[in-house]
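**Student:** coords below, sequence missing:
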């Protein structure tokens, strides 16, 4: 059965989208705000993420973190949030009859956060510990090194969590000024999915948000493509595995080749049937884990390949990965493999949308970042229509000489030799 949704916009610019699911036992509520680490300035790295933490630390009617948690968990629900480069999302998931509570808790948090000074000092330490934890995890930190190397010293190249030094300097007024600029109705989407009606959701939304003043929605600074970057970023550590990440420039969110890119990525490194898994792990036994993923932003994108390998296999793994990229660049994909990868991409896309949470997240994110929600069947049709020629065109756009960036964390890493391998 096709999934449908309804969209309304309040007078102040807040967009409200509902995805009704008559058989669901739950309601998922998410507030998507068009801001993230990309909205930060030098010296304020990590502000968006730190603020996300602080919003959970108490509101006017629920003055402690425990009061907020108990309001949702007392009804059997869960709540959380995330901050990315361009989106911050606060969400909860409750039984469907608790719609008003679900919206009330999030509205109270977002509209009336206490941002208490004592809580701020405690949470400052928590965020700094999170940064240290990420640094201590080579598999995660190698991705940070890769992004820094690829984009250089600009917001897209900075860590979403910031660093310990910038987090140490942030004050309450920094949060208030940031929220005043970015947490505005025109830059926010309220997405609700589950056993609810659009009219009921709209009634609750108006009660909480229609009195908020309309303000213009800010925008991110465009990517500076001329900033100096690194071809190779390495960090030597006395650990037993080399953690490898490689990146090539990909496409912006609205690029017409985004569906062909989905197929290209599936062919390359999604699942046990992908070329990288078969060649790197199954045929050669070089790595336990290997795969690829795509990140798309409003004006740029990134294809990332990652692997965990024994140190003695690092160079050969890089050679094999580069070789697989060149095969996609030089050889059209056969008909049988194209059929399999299209079916895999469509099937995994459908299965990712099984829950009210997944549907609500998709609707909110797409409406915020794309300005519209593409019907699921439209995506399926476009993916199924991708041909080997389309994949070859995408490969030629992505796999370009001199564009590959590589990062490694492991024992006795030699950056010059890796740079030579990456330039093949």
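**Tutor:** Arrived safely, thanks for sending. Computed from a predicted model, the values in this text were never measured in an experiment. Numbering: from 1, shown residues only.
**Student:** ok, and what's touching the longest helix anywhere in the chain?
**Tutor:** Selection of the longest helix in the chain by residue count, based on DSSP state H, yields helix 117-136. Residues outside helix 117-136 that contact it (Cβ atoms under 8 Å, 6 or more residues apart in numbering): 46, 49-50, 53-54, 57-58, 65, 140-141, 144, 159, 161-164, 167-168, 170, 172. C-beta coordinates here come from the backbone N, C-alpha and C atoms, glycine included.
**Student:** give the buried subset of those residues as a PyMOL selection command.
**Tutor:** Command for PyMOL that selects the buried part of the contacts of helix 117-136, burial taken from 16 or more other Cβ atoms under 10 Å:
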select buried, resi 46+49+50+53+54+57+58+65+141+144+159+161+162+167+170
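**Student:** in helices, which of the contacts of helix 117-136 fall?
**Tutor:** Using DSSP H, the contacts of helix 117-136 in helices are 49, 50, 53, 54, 65, 140, 141, 144, 164, 167, 168, 172.
**Student:** give me every residue that touches the third one.
**Tutor:** The neighbourhood of residue 53, defined by Cβ under 8 Å, 6+ apart, consists of 123, 126, 127.
**Student:** can you tell me which of those residues has the most neighbours?
**Tutor:** Counting neighbours by other Cβ atoms under 10 Å, the top entry in the contacts of residue 53 is residue 127, with 21 neighbours.
**Student:** how close does that one get to residue 145?
**Tutor:** 20 Å (Cβ to Cβ, to the nearest Å).
**Student:** give me the nearest residue to residue 77, chain neighbours excluded.
**Tutor:** Nearest residue to residue 77 in three dimensions, chain neighbours excluded: residue 94, at 3.5 Å (Cβ to Cβ, 6 or more residues apart in numbering).
**Student:** report the secondary structure state of the one you found.
**Tutor:** The three-state label given to residue 94 by DSSP: H, G, I helix; E, B strand; the rest coil is strand.
**Student:** who's in contact with it?
**Tutor:** Here residue 94 is in contact with 26, 27, 29, 72, 75, 76, 77, 101, 102 (criterion: Cβ under 8 Å, 6+ apart).
**Student:** ditto for residue 155
**Tutor:** Residues near residue 155 by Cβ under 8 Å, 6+ apart: 37, 38, 39, 40, 85, 220, 221.
**Student:** the third one is in contact with residue 218, isn't it?
**Tutor:** Yes: under the contact definition of Cβ atoms under 8 Å, residue 39 touches residue 218, with a separation of 7.4 Å.
**Student:** overlap in contacts of these two?
**Tutor:** With Cβ under 8 Å, 6+ apart as the test, residue 39 and residue 218 both reach residue 182.
**Student:** please identify which of the two sits among more neighbours.
**Tutor:** Set residue 39 next to residue 218 and count neighbours by other Cβ under 10 Å: residue 39 wins out with 23 against 13.
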